[in-house]
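Visitor: here are the coordinates; sequence isn't available:
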């Protein structure tokens, strides 16, 4: 690992620590208070822990699963000191994320056998979808990947304009036909342009509306059909962007989008502005879809590839 990589990794850890500060202080900091005066993990400690995890928007079902795992270890080991609780809790959460293939990535990698790698980005308006695309483009470019953007959210002029600004800011080409254009046509031209430019990745924005799921499904299905005329197995990734600060509402949005299209990756934004960071764990466990990226700040560098061990270590640091 070079000096730049070491510095970058250290900076990312610092940014992650800062981004999760609200969750750490307001929620996971309560764990130490819950075990004051206790020498072992008993029913009262587990009840308090359950309440803390639910408060962190881990979700009731996922919380119960974690508590059951800890109870099993208490029963097996007969005696479990409270000083071991943090370690065991971390181990069980990491294991849960691992089972759902969440947090396996390293930096901004792309499959070598898929070029261009086509990413279709979905999510409701206001969750940071377009900003996430801009940050993705920046980070792919940072690791020497050639990027093409596609402005297929033609439902709103603001979405097209915002993505155009990001393309200029990052310094990557964009395919746009303006507001009101056929989204599938934009998607087709984006992939065609990416092929012609020998790009590594094509990132396509889509309309962020859920009020009519039939229209949404039809639009996304059409986009997939036209890109498959150029690359049969595209899009390779359907990335759902969710706002972590909305907690359980993010889980409901995920449920609706997953019912409408074949989401296979999730990005969670705005973790730095919320105490609901536990929603990362809940979403991964509820849908069995990997959380691939997390947003921990407003800067372009603040979109990170999700690493489960670093995330959990930081929460309990």
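Guide: Arrived safely. Being a predicted model, the structure only gives us computed values, none of them experimental. Numbers count the residues shown, from 1 in each chain.

Visitor: State the three-state secondary structure for residue 202.
Guide: When classified by DSSP: H, G, I helix; E, B strand; the rest coil, residue 202 comes out as strand.

Visitor: What is the burial count for the nearest residue to it once chain neighbours are set aside?
Guide: The spatial neighbour of residue 202 that comes closest, neighbours along the chain excluded (Cβ to Cβ, 6 or more residues apart in numbering), is residue 194 at 3.9 Å. Backbone N, C-alpha and C define where each C-beta goes, glycine included. When neighbours are counted by other Cβ atoms under 10 Å, residue 194 registers 28.

Visitor: Look up phi and psi at residue 194.
Guide: phi -60, psi -40 (degrees, to the nearest 10).

Visitor: ok, now which ones touch it?
Guide: Residue 194 makes contact with 116, 118, 148, 201, 202, according to Cβ atoms under 8 Å, 6 or more residues apart in numbering.

Visitor: From those residues, pick the one nearest residue 274.
Guide: Set against residue 274, the nearest of these by Cβ to Cβ is residue 201 (29.0 Å).

Visitor: ok, the closest one to residue 68 distance?
Guide: Counting by Cβ to Cβ, to the nearest Å, the gap from residue 201 to residue 68 is 41 Å.

Visitor: And these two? Which one has more around it.
Guide: Higher neighbour count among residue 201 and residue 68: residue 201, with 25 against 12, using other Cβ under 10 Å.

Visitor: who touches residue 151 in this structure?
Guide: 159, 160, 163, 164, 174, 175, 176, 177, 186, 205.

Visitor: at 6 Å what do you get?
Guide: 160, 163, 176, 205 (Cβ atoms under 6 Å, 6 or more residues apart in numbering).

Visitor: What does the last one show for phi and psi?
Guide: In other words, residue 205. According to degrees, to the nearest 10, residue 205 has phi -80, psi 150.

Visitor: Check the secondary structure at the nearest residue to it once chain neighbours are set aside for me.
Guide: Leaving aside its sequence neighbours, residue 205 sits nearest to residue 153 (Cβ to Cβ, 6+ apart; 4.6 Å). What three-state DSSP gives for residue 153 is coil.
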